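>>> The following comprises the amino acid sequence and a computationally predicted model.
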Amino acid sequence: MTARKVATISAPGRHADGNGLYLVVEKSGAKRWAFLFRWDGKLKEMGLGGVTSVTLADARLKADEARRVLADGRNPIEVRRAVSEPPAALPTAPTFGEFMDNLIEEISPGFRNAKHIQQWRNSMRDYAAPLRSKQCDEVDTKDILAILQPIWTKKAETASRVRGRLERVLDAAKAKGLRTGENPARLRGHLDALLPKQQRLQRGHHAAMPYPDVPKLVATLSENGSVSALCLLFVIFTAARTGEVLGATWKEIDLANSLWVIPAGRMKAGREHRVPLTAGAIKVLEQMALLRPGADEKGDAYVFPGARRGRPLSQMTLLMMLRRTVGERATTHGFRSSFRDWAGEETNFPREVAEQSLAHTVGDQTERAYRRGDALEKRRNLMAAWDAFLQCTGS
């Protein structure tokens, strides 16, 4: 075939130039170049361009290149497609911060309550901020030490919790293929060789009033009669945790059976806890019902409501009441210690009964599996003795 023939030929169909190169004339008169070859036993046609943009010489060069590709055992159509089409963009790996945020959402159904979830978020926001922009596989021991060293001995409990949470995030990243190798936040056999030994978790002991002084405080609070004073009295009479008392609602109170039933979701151990109500505790509830007429008819209303509608009394309000009364030598949580010291020093009640009154876990896993009861009546007797102690020696 010559350039003149290419220009003058008009019969529709394929016109061979040789070695698989053809001039294809369409019925419309349009002309284009094609290279024909067999692949897997089937005839394939590879377009090489129209004659207006590709000359005969150019078409022959393209056909030569296609034959070389065939000689290598490759399909020239697929090779050209791979060259002309950009590779698909690989998915961008999430940063440590993005992965951590998603992980917290994924595991949050397993948390005990919303407060626990928020503690995770707050600690990671405050302490893991330097890691947020890093890729998960870039986080190393140096990064972890930079976070932990400033707080390891000064805020031991916080540091331990942050380390454990970092370890879990990095373990999850490894499980999802985002990093390999050892976990740089692992304590045993790794960080424990690089960080000073913590003497003990420095959560600290809550300042506790000596139990002989508590009855006098009870008498003072009883005379006060404010909501915060009554709430403090309820804390003392029940030896319950402050958060459990502040979150108490009227539907949890069973006055007919002198019981306060705290649902599992509000308990530290995640188990329902029954608190026997003594005469002193019931008197507090009766006074609160008078202060809030009709409150006991709304089951979801807080027993100790705060200034803001629909919110309970705040811990700070309770603490300020205590400070105005006795100064800083006691905390609300410390009254649990006062109760425990009194039970151990002044009564013959078994240790297990006192511990169960504080909603502490008693015994190992096997022992707990066989002990299904909560010693309610024994605890009722213990709390009645505590009530009598508080009210008979406080005047």
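Nice, thanks for sending it over.
>>> use CA for all of it now, contacts and neighbours both
OK.
>>> what sits up against stretch 176-193?
Stretch 176-193 is contacted from outside by 93, 136-137, 139-141, 144, 163-164, 166-167, 170-171, 173-174, using Cα atoms under 8 Å, 6 or more residues apart in numbering.
>>> Of the residues you listed, grab the buried ones for PyMOL.
Filtering the contacts of stretch 176-193 down to the buried ones (16 or more other Cα atoms under 10 Å) takes a single PyMOL command:
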select buried, resi 136+137+139+141+144+163+166+167+170+171+173+174
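>>> Closest one of the contacts of stretch 176-193 to Glu252?
Set against Glu252, the nearest of the contacts of stretch 176-193 by Cα to Cα is Gly164 (34.8 Å).
>>> Can you show me the helices along the stretch 201-350 of the chain?
214-224, 227-238, 242-246, 279-291, 315-326, 334-346 (DSSP state H, counting those that start in this stretch).
>>> Tell me the buried residues in the third one?
In this case it means helix 242-246. So, applying 16+ other Cα under 10 Å, buried residues of helix 242-246: 242, 245-246.
>>> The fourth one too?
With burial defined by 16+ other Cα under 10 Å, the residues of helix 279-291 counted as buried are 280-282, 284-285, 288-289.
>>> Farthest pair within those?
Gly280 and Ala289 (14.5 Å).
>>> now stretch 309-320, how far from the chain's geometric center?
26 Å (Cα atoms, centre = their mean, to the nearest Å).
>>> start the count at 301, not 1, going forward
Done: numbering now begins at 301, and the last item shifts to stretch 609-620.
>>> Give me the three-state assignment for Leu336.
At Leu336, secondary structure determined by DSSP: H, G, I helix; E, B strand; the rest coil is strand.
>>> Which helix or which strand is home to the closest residue to it other than its chain neighbours?
Distances taken as Cα to Cα, 6 or more residues apart in numbering put Glu345 closest to Leu336, at 4.6 Å, once the chain neighbours are dropped. Element membership for Glu345, per DSSP states H and E: strand 342-350.
>>> can you pull the pLDDT of the residue nearest to Leu336?
Looking at Glu345, its pLDDT reads 93.
>>> on that earlier part again, give me whichever of the helices of the stretch 501-650 of the chain is most buried.
Neighbour counts (mean count of other Cα atoms under 10 Å) averaged over each of these peak at helix 527-538, with a mean of 24.
>>> Let me have the buried residues of helix 542-546 in a markdown table, extended by distance to Arg623 and pLDDT.
Below are these laid out as a markdown table (distance: Cα to Cα, whole Å; pLDDT from 0 to 100):
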| residue | distance to Arg623 | pLDDT |
| --- | --- | --- |
| Thr542 | 15 | 87 |
| Val545 | 19 | 90 |
| Leu546 | 18 | 90 |
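>>> Can I get those in a markdown table including distance to Leu491?
What follows is these, written out as a markdown table (distance: Cα to Cα, whole Å):
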| residue | distance to Leu491 |
| --- | --- |
| Thr542 | 35 |
| Val545 | 39 |
| Leu546 | 39 |
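>>> Can you tell me which of those comes closest to Gly320?
Leu546 (88.6 Å).
>>> Was I right to think the closest one contacts Pro612?
Yes. Using Cα atoms under 8 Å, Leu546 is in contact with Pro612, at 6.0 Å.
>>> who touches both of those two?
602-604.
>>> who wins for neighbours among these?
The residue in the shared contacts of Leu546 and Pro612 with the most neighbours, by other Cα atoms under 10 Å, is Val603 (26 neighbours).
>>> need the contact list for that one.
Contacts of Val603 by Cα under 8 Å, 6+ apart are 546-550, 585, 588, 595, 612.
>>> possible to save those residues as JSON lines with distance to Ile309?
Below are these laid out as JSON lines (distance: Cα to Cα, whole Å):
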{"residue": "Leu546", "distance to Ile309": "97"}
{"residue": "Gly547", "distance to Ile309": "94"}
{"residue": "Ala548", "distance to Ile309": "97"}
{"residue": "Thr549", "distance to Ile309": "96"}
{"residue": "Trp550", "distance to Ile309": "99"}
{"residue": "Leu585", "distance to Ile309": "107"}
{"residue": "Met588", "distance to Ile309": "106"}
{"residue": "Ala595", "distance to Ile309": "101"}
{"residue": "Pro612", "distance to Ile309": "95"}
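>>> Sweet, I'm off.
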